[in-house]
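Trainee: model this:
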Amino acid sequence: MVERGDAAPLLRWAEGPAVSPPLAPDQQAGVRGWGGGGGGRAAAEPPRRREPEELGPSQVLLQPGRLELGDVEEDQVVAVFVVTFDPRSGNMVEWCLPQDIDLEGVEFKSMASGSHKIQSDFIHQLETPGHYSRLAAFYEDKKGVLHDSPGRGGSLPPVYWLPSIHRYMYPEMKITHPAGCMSQFIKFFGEQILILWKFALLRKRILIFSPPPVGVVCYRVYCCCCLANVSLPGIGGTVPESKPFFYVNVADIESLEVEVSYVACTTEKIFEEKRELYDVYVDNQNVKTHHEHLQPLLKINSADREKYRRLSEQRQMLLYSQEVEGDYNPCEEDLFVLFFLEQNNRIFQTLLEVSASQDKTLTAEHARGMGLDPQGDRSFLMDLLEAYGIDVMLVIDNPCCP
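Mentor: Residues are numbered from 1 along each chain as shown. Modelled structure (predicted):
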């Protein structure tokens, strides 16, 4: 059985009449970054997996942006640009439309550090360097018109390229991945995906470091975000949204300083020293945290091993069904997402039932019923109750205390 790789695009927008909203984050073709900014709304069709050869010529790799002043019409693009790396000058904007728009800083945000040393990463559309007719035609077809507002001059305002764009665009994004992405994620982290699961459910700031190419690491950001889904009503209203920022670099430091929950990746090792920007740092397969109270969550316990065993077993059964019976429904992504969704729902359903009971007492038996280790997950449970504001009394003894 041949497993598929991670060479397909991470983000795409649904195709349809008059629909050309921006693709998203931080992508390159070779050492050139293709980009654009603006807001858009995708067609209401379900996401579907797409293989690399299926990419259409109209798909342009665009950088999402947020206008500080005013808004644009739906399904319109504020700017398109090409970023290149010059051996003498470094990153620079080689071409853009409109020519008078302020794109200060975008040359650093749209190209991963170190990408000039590699041959390829994400490729959504190829153009001959210096000739961007298809990109120009796309812009002319979908260019946005800024609305006038008090105090605005005749020139176009600067576009601020912040990770916080996901606050506005993420609900409309059609996030996809190559077949085999989830499999690669499970194989790469092994049992440690249960550690990442706990941190994701606690809405911690998770930063994943890897040298370029950045493509496969963006897939890990996506997979990590899939760990924390909950479908029960009334859950999550008191916790911040966990935002997938995908690629970030030093130009995003100011923005990250005010974020309380995100998952992102970077190619810049300097971030490891900036501990105030993250709670969890992932370097290759090494998951670590500098917070003392989160240290117990780094240990794999018996309940974690059991969950990983069940996930691996279900995955093998699915792969067997696909290979022998040719049944590709559900797919591996469905299995992965559903596994953690059911686990999360079981935890919160139990916590809600206990909080509604008369004595509000959470026991070791409750913990086992939620698929948790009463002792090994005690710290995780305490953090979970605090983060989600659930009023129960934990009566599981701490083995470290008499």
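Trainee: Please enumerate the helices of the stretch 201-350 of the chain.
Mentor: For the stretch 201-350 of the chain, the helices defined by DSSP state H, counting those that start in this stretch cover 215-225, 253-256, 302-320, 332-356.
Trainee: quick one: the longest one to helix 215-225, angle?
Mentor: Helix 332-356 and helix 215-225 meet at an angle of 30 degrees, taking axes from the mean of the first three to the mean of the last three CA atoms, to 10 degrees as the criterion.
Trainee: Name the helix or strand of the protein that has the lowest mean pLDDT.
Mentor: Each helix and strand of the chain was given a mean pLDDT (mean pLDDT, DSSP states H and E); the minimum falls on strand 66-67 at a mean of 30.
Trainee: what's the next secondary structure element after it?
Mentor: strand 79-86 (DSSP states H and E).
Trainee: strand partners of that following strand, parallel vs antiparallel please.
Mentor: The strands that strand 79-86 pairs with in its sheet are strand 33-37 (antiparallel), strand 90-97 (antiparallel) (by DSSP bridges).
Trainee: Identify the residues contacting Gln287.
Mentor: If you look again at residue 287, you'll see it is Val, not Gln. Taking CB atoms under 8 Å, 6 or more residues apart in numbering as the criterion, Val287 is in contact with 189, 192, 195-196, 199, 280-281, 298. Every residue, glycine included, has its C-beta placed from N, CA and C.
Trainee: And for Asp359?
Mentor: Shown here is Asp359, whose contacts under the criterion CB under 8 Å, 6+ apart are Met393.
Trainee: Tell me where the protein has strands.
Mentor: With DSSP state E as the definition, the chain shows strands at residue ranges 11-12, 33-37, 66-67, 79-86, 90-97, 159-160, 174-175, 205-209, 243-247, 262-266, 280-283, 286-288, 361-362, 393-394.
Trainee: got the contact list for the last one?
Mentor: Spelled out, it's strand 393-394. 359-362, 378, 381-382, 385.
Trainee: Looking at the residues you listed, which is nearest Val250?
Mentor: For these, the closest approach to Val250 (CB to CB) belongs to Met382, at 35.1 Å.
Trainee: can you count the residues close to the closest one?
Mentor: By other CB atoms under 10 Å, 15 other residues sit near Met382.
Trainee: what's across from the nearest residue to it once chain neighbours are set aside in the sheet?
Mentor: The shortest distance from Met382 to any non-neighbouring residue, by CB to CB, 6 or more residues apart in numbering, is to Leu394 (6.3 Å). In this structure, Leu394 bridges to Leu362 when assessed by DSSP bridges.
Trainee: and if you look at Leu97?
Mentor: The partner residues for Leu97, given DSSP bridges, come to Val80.
Trainee: mind listing what it touches?
Mentor: 79-81, 135-136, 139, 143.
Trainee: Now render the residues you listed as a markdown table, adding neighbour count and distance to Ala367.
Mentor: Written out in a markdown table, the entries for the contacts of Leu97 read as follows (neighbours: other CB atoms under 10 Å; distance: CB to CB, whole Å):
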| residue | neighbour count | distance to Ala367 |
| --- | --- | --- |
| Ala79 | 24 | 52 |
| Val80 | 28 | 53 |
| Phe81 | 25 | 53 |
| Leu135 | 23 | 55 |
| Ala136 | 14 | 60 |
| Tyr139 | 23 | 56 |
| Lys143 | 18 | 56 |
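Trainee: Could you find the closest non-adjacent residue to Asn345?
Mentor: Once flanking residues are discounted, Asn345 sits nearest to Leu232: 5.6 Å by CB to CB, 6+ apart.
Trainee: Relative to Ser261, how far out is the one you found?
Mentor: Leu232 is 19 Å from Ser261, where distance means CB to CB, to the nearest Å.
Trainee: So for these two, which residue has more residues nearby?
Mentor: In this view Leu232 and Ser261 are compared by other CB under 10 Å, and Ser261 has more residues nearby, 18 against 15.
Trainee: Could you check how far the residue nearest to Met382 is from Ala136?
Mentor: Distance check for Leu394 against Ala136: by CB to CB, it reads 61 Å.
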